[in-house]
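>>> Compute the structure for the input listed below.
(one chain, ligands or ions: 1)
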Amino acid sequence: MEEKAQIILNGKTYEFPVVAGTENEKAIDISQLRSKTSYITLDSGFANTGACTSAITFLDGEKGILRYRGIPIEKIAEKSTFVETAYLLIQGELPTKVQLEKFAHSFTRHAALHKDMLKFFDGYPAAGHPMGLLSAMACSLSGYYPELLKADSSEEEIELMAAQLLSKVRTISAYIYKRTLNQPFIPPRDDLKYIPNFLHMMFSAPQKDYKIEETVVSALQTLLILHADHEQNCSTSAVRLVGSSRANLYASVSAGVCALWGPLHGGANQEVVEMLEEIHKEKGNIHKFIEMAKDPKGNYRLMGFGHRVYKNYDPRARIIKERTYALFDKLGIHDPLLEIAVKLEEAVLKDDYFVQRKLYPNVDFYSGLIYKAIGIPTNMFPVMFAIGRMPGWIAHWKEMKGDPQTRLGRPRQIYMGPTQRSYISMEERP
Ligand code: CMC
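Residues are numbered from 1 along each chain as shown. Predicted coordinates for the structure are as follows:
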């Protein structure tokens, strides 16, 4: 029997269709709610609102499942590369050898920045946060590639734009880092793959090439793959909302960078390491911080714990934790922050406050320790997240553009301000 939902308002019953996803997730389709009843729904933080249907990522937060285009994240993290994962997310299928080579080749061709773009970096304060510059640079790419801004881009053109954007964002990010250090830019090299090229641009100096370690490449590869998409999170929803006005891809992903910057979202990785450093300064007193987070009078939170969707261990956090140990072992690193992190996690997982609220470590809890071990400074952590999330943003922008159901994103509100009142002239005001 076809499932229907009923809403009774003032004694009158209204019926609404139920939509089921391929994994049997259910939604009440209320698209006719206002026209039928004149009511709207109120759902702060959109915690119960589906804004679209999507075939990109499946996530079951209760069971701790995450799949890109149907493939479990654990398998992708083990077997794939970031470039292949980007292709999978954007195009929907794993590439053939030829398709992958072509895609990767576009990355090489488009790695360099237009020489005029380099002037932008000089105008930004070296001490300014890298995310501000990343967002501005991503958006300003639109000015340099007007030929790609067509409303009716073909599949081929979108694939090219995706590769170009993914490649340039990596170069922009490395140059932002150099700008923060007031050091000269190191241009990309044609003979290096995606991640080695990034490490080269970040850490080489004019007279001295950075030694690229396979262990470091592999750890970074895993992190970028794990960040590549996470369905309708805050930044992806921002990309979709901006894109729904038919804004171009560069403008839409630039909005994604801004949304990601916040400490409750992609900025959390920076905050986690800063929190661990503070705990370290306090001689490892994790309990003080746990009590602060539990205090109902304060608004302090343990960064790297909790998630809107995961009410179970975040599968990405599990993989990153294993990777952190492996990297530290191979590089012979001893970081007291890792010990603090492990102790904090153990204590949190036993603490009633966190257990009752189903607060587990999330993707940002251990990722910062890997970035730190590689030599990436804390203010660049959200930039790393943005490089990783770029394929997801592009995939969602593309999906939204091709979806006949897409309408201009425009939520409603319930007005709680003053009702009509008179304008009081300046002379009459107290
Ligand atoms: N520390 C202490 N208490 C917490 C935390 C935390 N990290 N997270 C949630 N809570 C409590 C919160 O105070 C509330 O308690 P109560 O019911 O007594 O009022 C309850 O748990 C539910 O919290 P919420 O804010 O309603 O949950 P949410 O789904 O709106 O928030 C979150 C999700 C990620 C914003 C939140 O867990 C948080 O602020 N975590 C810390 C920041 C963080 O690590 N963010 C990265 C998220 S993963 C990367 C990404 O995808 O962005």
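>>> Stretch 300-314 and the ligand in contact?
Yes - applying CB under 6 Å from any ligand atom, one finds that stretch 300-314 is in contact with the ligand at Arg301, Leu302, Met303, Gly304, Phe305, Gly306, His307, Arg308. No exception for glycine: its C-beta is placed from N, CA and C like everyone else's.
>>> host element of Ser235?
Assigned by DSSP states H and E, Ser235 belongs to helix 234-243.
>>> How confident is the prediction for the one residue in the chain that gets nearest to the ligand, by pLDDT?
Residue of the chain nearest the ligand, by CB to the nearest ligand atom: Gly306 (2.3 Å). What the model reports for Gly306 is a pLDDT of 95.
>>> Give me the nearest residue to it, chain neighbours excluded.
Excluding the flanking residues, the one nearest Gly306 by CB to CB, 6 or more residues apart in numbering is Leu359, at 4.3 Å.
>>> How many neighbouring residues does that neighbour have?
20 (other CB atoms under 10 Å).
>>> Next one: it relative to Pro382, how far apart?
Counting by CB to CB, to the nearest Å, the gap from Leu359 to Pro382 is 22 Å.
>>> Ok, Thr171 next?
In terms of CB to CB, Thr171 sits 18 Å off from Pro382.
>>> just Glu78 next, same as before
From Glu78 over to Pro382 the distance is 26 Å, taken as CB to CB.
>>> who has more neighbours, those two?
Pro382 (25 against 11).
>>> hmm, the strand or helix carrying that one touching the ligand?
Assigned by DSSP H and E, Pro382 falls within helix 381-402. No - interface with the ligand: helix 381-402 contributes nothing (CB under 6 Å from any ligand atom), its closest point being 8.0 Å away.
>>> Report the rounded mean pLDDT for that helix.
97.
>>> Hey, what's the angle from it to helix 234-243? Just curious.
Helix 381-402 runs at 40 degrees relative to helix 234-243, counting by axes from the mean of the first three to the mean of the last three CA atoms, to 10 degrees.
>>> picking that back up, next, the angle from the helix or strand just after the helix holding Ser235 to helix 381-402.
Downstream of helix 234-243, the first helix or strand assigned by DSSP H and E is helix 249-261. Relative orientation of helix 249-261 and helix 381-402, computed by the same axes, to 10 degrees: 130 degrees.
>>> contacts for helix 249-261?
Residues outside helix 249-261 that contact it (CB atoms under 8 Å, 6 or more residues apart in numbering): 129, 131-132, 134-136, 138-142, 145, 148, 161, 165, 234-243, 265-267, 382, 385-386, 389-390, 393-394, 397.
>>> Close to the ligand: what parts of the stretch 301-430 of the chain are there?
301-308, 357, 359, 362-364.
>>> can you pick the most crowded of those?
That'd be Asp364 among these, by other CB under 10 Å, with 29 neighbours.
>>> could you list every residue that touches it?
Gly266, Ala268, Asn269, Glu271, Val272, Met303, Gly304, Phe385.
>>> Just the ones of those in helices?
Within those, residues falling in helices by DSSP state H are Ala268, Asn269, Glu271, Val272, Phe385.
>>> The third one and Met303 touch, don't they?
Think Glu271. Yes - in this structure, Glu271 is within contact of Met303 by CB atoms under 8 Å, at 4.0 Å.
>>> Give me the common contacts of those two.
Both Glu271 and Met303 are in contact with Pro263, Asp364, where contact means CB under 8 Å, 6+ apart.
>>> tell me the mean pLDDT over the helix holding Ser235?
Mean per-residue pLDDT for helix 234-243: 98.
>>> Going by contacts, tell me the helices and strands next to it.
Contacts defined by 3 or more CB pairs under 8 Å, 6 or more residues apart in numbering; DSSP states H and E place helix 234-243 against helix 249-261, helix 381-402.
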